[in-house]
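Undergrad: Take this sequence and fold it.
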Amino acid sequence: MRVLFIDYCNGHERENPDVSIVDVFKTEERIMKALESSQLGAGRIGGSWHKIMEDGNIPHEFVKSGKYNDLHKENYDLRYELIVGNY
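TA: Numbers count the residues shown, from 1 in each chain. This next block holds a predicted model:
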């Protein structure tokens, strides 16, 4: 599945956040959410899609990164908002 990971950069980039498109294999959204929730410091500094893949040993292939406004809905299957840190 092709996932659009949205990083609001601790809430400072709500209008046009940073995004990464990643082909993710052999997992589900609920598993990724559980892995992200268990990341040390995710609530403070924000979640990381890199860390989700690493912690879950999830096969993946990075496609591209950019800004949200530069992408179209047909570029991904799942929209995943990373945990927003509090500083």
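
Undergrad: and after the helix ranked longest in the chain, which helix or strand comes next?
TA: Assignment by DSSP state H gives helix 29-37 as the longest helix of the chain. Next in sequence after helix 29-37, counting helices and strands by DSSP states H and E, comes helix 42-45.

Undergrad: CA atoms only: put that next one into CSV for me.
TA: Taking C-alpha atoms only, helix 42-45 is exported to CSV below (Å, rounded to 0.1, in the frame of the first residue of the first chain):
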residue,chain,number,x,y,z
ALA,A,42,6.7,10.9,20.1
GLY,A,43,4.4,13.0,22.2
ARG,A,44,7.2,15.5,22.9
ILE,A,45,9.0,15.8,19.6
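
Undergrad: Would you mark the buried spots in that helix?
TA: Ala42 (16 or more other Cβ atoms under 10 Å). The C-beta positions use only the backbone N, C-alpha and C, and glycine is treated the same way.

Undergrad: Can you name the element that comes right after it?
TA: The helix or strand immediately downstream of helix 42-45 is helix 49-55, counting by DSSP H and E.

Undergrad: Can you tell me what sits against that following helix?
TA: 3, 5, 7, 20, 22, 24, 32, 35-36, 38-39, 58, 60, 80, 82 (Cβ atoms under 8 Å, 6 or more residues apart in numbering).

Undergrad: mind redoing it with 10 Å?
TA: 3-7, 19-20, 22, 24, 27, 31-42, 48, 58-60, 62, 80, 82 (Cβ atoms under 10 Å, 6 or more residues apart in numbering).

Undergrad: Need the buried ones from the residues you listed selected in PyMOL.
TA: Buried subset of the contacts of helix 49-55, written as a PyMOL selection, criterion 16+ other Cβ under 10 Å:
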select buried, resi 3+4+5+6+7+19+20+22+24+27+32+35+36+39+42+48+58+60+80+82
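
Undergrad: Where does pLDDT dip in this structure?
TA: 10-11, 87 (pLDDT under 70).

Undergrad: thinking again about what came up before, run through who's touching the longest helix of the chain.
TA: Against helix 29-37 from outside (Cβ under 10 Å, 6+ apart): 1, 3, 5, 24, 27-28, 42-43, 46-49, 51-58, 78-80, 82-83.
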